[in-house]
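>>> Below is the structure, and that's it, no one-letter string:
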């Protein structure tokens with residue numbers, strides 16, 4: 001008999017040959033990746049040669065400097081040493097060009113560069129491709145479609161809705177307030193801003209601040225903020241497969257599900273309401289549509305214009321941006337006023353002059369609070385709700401000082417560093433509302449709490465109105481005092497948060 005085709009010798013020989021081929025392929029792949037790494041790093045070094053930066057490790061970049069939530073503090077050290085801009089190495093062949101000069105900001109925001117895909121793609125499983133992530137013609141079409149939702153005719157009645165939500169929050173805070181114990185206010189403010197955006201933009205009828213499902217959504221958004229930044233900074237989590245298998249990836253998946261369940265309920269509820277002829281008649285009488293109705297009617301009128309995926313992306317995007325960034329701005333503003341009682345009292349007196357006799361706050365009052373507005377803007381300068389945004393250069397750029405960068409470089413516009421740049425804002429850590437007095441001169445791109453250019457925040461007027469209403473009604477009811485044992489520590493996430501919360505003492509005004 002001949003030797004069997006499946007004899008142990010031949011079988012082992014085949015396995016050995018397979019292993020050799022696999023080893024060779026892995027070696028070739030590693031050599032290819034090493035060459036790719038080397039060439040890209042050389043290209044970046046050449047691109048950044050006009051811009052000095054701190055020493056960095058060839059593999060770990062500036063990782064050591066940015067450990068332990070020290071990102072904001074580290075960037076401010078660089079601002080003092082490196083004028084206008086500085087390259088930041090994340091790891092060997094990945095770097096972002098960080099800018100914090102108003103002239104540089106003006107150049108980048110005046111262009112139409114897309115959002116940096118190496119950063120913002122990690123948001124896609126959460127908020128989809130809505131206004132925040134879209135680029136080009138698709139972004140333009142969605143922006144044009146949604147702009148009418150922020151016309152002043154639409155925003156006017158929102159003032160009363162906002163005021164009602166604020167009163168619910170203040171009633172809760174009054175019951176919780178204790179002379180000896182401070183309150184962590186961000187979670188309460190966050191529920192209030194979610195309540196407001198749900199009622200204003202999504203025609204919600206319930207009370208979000210008393211709904212346990214809403215608290216689950218708030219928690220999910222907080223988790224996703226942390227997980228996003230953690231993933232951006234982690235070399236091993238750039239790959240979707242590896243990330244999805246990690247504990248953080250599984251955590252993110254659960255948070256995505258909670259967030260999507262919330263927005264899906266909102267969409268379904270409004271669709272059901274629109275089956276009612278009485279509700280449709282109300283809409284026909286309105287001069288302009290609310291945010292969600294614009295999306296739904298765009299789909300009703302032209303089935304191909306807005307898919308279910310597009311619809312949910314816009315709702316997820318605005319649900320997040322419309323409550324979390326505003327909650328950050330409000331919470332930090334209240335903290336700033338608590339730590340500067342002389343400015344707090346002056347704001348209170350201004351508000352009492354308008355509303356002290358029990359007059360309900362209205363649209364017309366919002367332009368009659370100049371000093372309160374100055375204080376809000378100064379708080380937004382020191383604590384910008386969105387610390388930075390990232391664009392990828394779609395073509396080369398030349399800055400006003402003659403230095404340049406090639407196409408393809410990711411550019412981080414550090415709004416936090418811009419607002420704390422001593423060359424732009426003398427004594428930047430000092431709370432000084434007079435910086436925003438009518439007589440004060442300012443560079444057009446020195447103050448960017450809502451970004452700038454054509455891609456500025458579509459809801460910036462809505463947010464400023466909400467800030468004014470919250471500050472006015474809060475100061476009418478409470479004196480705000482800081483907790484010296486729990487000083488908030490700003491940390492950079494998608495939205496500016498505090499590492500240890502924002503704690504205030506609330507003293508009821510008799």
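Yes, it's here. Computed from a prediction, not measured in an experiment: that's the story for all the values here.

>>> Which other helices and strands does the biggest helix by length in the chain contact?
The longest helix of the chain (DSSP state H) is helix 8-47. Applying 3 or more C-beta pairs under 8 Å, 6 or more residues apart in numbering; DSSP states H and E, we find helix 8-47 packed against no helix or strand. No exception for glycine: its C-beta is placed from N, CA and C like everyone else's.

>>> chain center to it, what's the gap?
Distance of helix 8-47 from the chain centroid (C-alpha atoms, centre = their mean, to the nearest Å) equals 40 Å.

>>> buried set for it?
41, 44, 47 (16 or more other C-beta atoms under 10 Å).

>>> Correct me if wrong: the second one contacts residue 97.
No. Between residue 44 and residue 97 there is no contact, the gap being 9.4 Å when judged by C-beta atoms under 8 Å.

>>> and for those two, which residues touch both?
Counting by C-beta atoms under 8 Å, 6 or more residues apart in numbering, the shared contacts of residue 44 and residue 97 are 87, 409.

>>> For the helix or strand of the chain with the lowest mean pLDDT, name the packing helices and strands.
One helix or strand of the chain scores below all others by mean pLDDT, DSSP states H and E: helix 277-285, with a mean of 77. Packing partners of helix 277-285 (3+ C-beta pairs under 8 Å, 6+ apart): none among the helices and strands.

>>> what's next to that helix, contact-wise?
273-274, 289, 293.

>>> Go ahead and measure how far that helix is from the middle of the chain.
On C-alpha atoms, centre = their mean, the centre of helix 277-285 falls 35 Å from the chain's centre.

>>> which is the next helix or strand following it?
helix 291-301 (DSSP states H and E).

>>> Okay, angle between that next one and helix 277-285 too, please.
With axes from the mean of the first three to the mean of the last three C-alpha atoms, to 10 degrees defining the directions, helix 291-301 sits at 100 degrees from helix 277-285.

>>> Who are the packing partners of helix 291-301?
Using 3+ C-beta pairs under 8 Å, 6+ apart, helix 291-301 is in contact with helix 136-146, helix 186-202, helix 247-273, helix 308-320.

>>> OK, contacts around residue 483?
182, 503-505.

>>> that older thread, got the helices and strands packed on helix 291-301 as CSV, with mean neighbour count columns?
Listed next are the helices and strands packed on helix 291-301 as CSV, based on neighbours: other C-beta atoms under 10 Å:
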stretch, mean neighbour count
helix 136-146, 14
helix 186-202, 25
helix 247-273, 16
helix 308-320, 21
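
>>> Can you say which of those is nearest to residue 224?
helix 247-273 (5.0 Å; C-beta to C-beta).

>>> packing partners for the closest one?
Packed next to helix 247-273, using 3+ C-beta pairs under 8 Å, 6+ apart, are helix 124-127, helix 186-202, helix 212-233, helix 240-245, helix 291-301, helix 308-320.

>>> tell me the angle that helix makes with helix 212-233.
Computed by the same axes, to 10 degrees, the angle between helix 247-273 and helix 212-233 is 140 degrees.

>>> for the record, mean pLDDT for helix 247-273?
If you average the pLDDT over helix 247-273, you get 94.

>>> what's the answer for stretch 472-492, then?
Computed over stretch 472-492, the average pLDDT equals 96.

>>> likewise stretch 234-243?
Rounded mean pLDDT across stretch 234-243 is 94.

>>> so how far is that stretch off the chain centroid?
22 Å.

>>> cool, stretch 417-434 as well?
Offset of stretch 417-434 from its chain centre (C-alpha atoms, centre = their mean): 22 Å.

>>> Same question for stretch 406-415.
Offset of stretch 406-415 from its chain centre (C-alpha atoms, centre = their mean): 17 Å.

>>> Counting neighbours, which bits of it end up buried?
Here stretch 406-415 shows 409-415 as buried, counting by 16+ other C-beta under 10 Å.

>>> which one of those residues is nearest residue 87?
For the buried residues of stretch 406-415, the residue nearest residue 87 by C-beta to C-beta is residue 409; the value is 9.0 Å.

>>> Leaving out the residues flanking it, which one is nearest to that closest one?
residue 393 (5.0 Å; C-beta to C-beta, 6 or more residues apart in numbering).

>>> give me phi/psi at the one you found?
Backbone torsions of residue 393, given as degrees, to the nearest 10, read phi -60, psi 120.

>>> Residue 227: how many residues sit nearby?
22 (other C-beta atoms under 10 Å).

>>> now it, nearest residue through space, not along the chain?
Counting by C-beta to C-beta, 6+ apart, residue 252 is the residue found nearest to residue 227 once chain neighbours are left out, at 4.8 Å.

>>> Is it correct that the one you found is in contact with residue 225?
No. Checked against C-beta under 8 Å, the pair residue 252 and residue 225 is beyond contact range at 11.1 Å.

>>> sorry, back to before: most surrounded residue in the contacts of residue 483?
Neighbour-wise, the contacts of residue 483 (other C-beta under 10 Å) top out at residue 504, 24 neighbours.

>>> Next up, the contacts around it.
182-183, 185, 334-335, 338, 480-483.

>>> coming back round to it: which members of the contacts of residue 483 are positioned in strands?
Under the assignment DSSP state E, the contacts of residue 483 contribute 503-505 to strands.

>>> nearest to residue 465, of the residues you listed?
residue 504 (22.6 Å).

>>> What's opposite the closest one in the beta bridge?
As for beta bridges, residue 504 partners with residue 183, residue 482 under DSSP bridges.

>>> On the pLDDT front, check the closest residue to residue 415 other than its chain neighbours for me.
Spatial nearest neighbour of residue 415, chain neighbours left out: residue 384 (4.7 Å); criterion: C-beta to C-beta, 6+ apart. Residue 384 is assigned 98 on the pLDDT scale.

>>> And the contacts of stretch 194-211?
Residues contacting stretch 194-211 (C-beta under 8 Å, 6+ apart): 149, 158, 161-162, 165-166, 168-169, 172, 191-192, 214, 217-218, 266, 269-270, 273, 290-293, 315, 318-319, 322-323, 326-327, 462, 466.

>>> For it, what is the distance to the chain centroid?
Taking mean C-alpha positions (C-alpha atoms, centre = their mean), stretch 194-211 and its chain are 20 Å apart.

>>> Using the three-state scheme, assign residue 154.
Put simply, residue 154 is helix when judged by DSSP: H, G, I helix; E, B strand; the rest coil.

>>> measure it to residue 294 for me?
Residue 154 sits 10 Å away from residue 294, going by C-beta to C-beta, to the nearest Å.

>>> which residues are in contact with both of those two?
Counting by C-beta under 8 Å, 6+ apart, the shared contacts of residue 154 and residue 294 are residue 148.

>>> Show the contacting residues for residue 445.
With C-beta under 8 Å, 6+ apart, residue 445 has these contacts: 102-103, 105-106, 109, 452.
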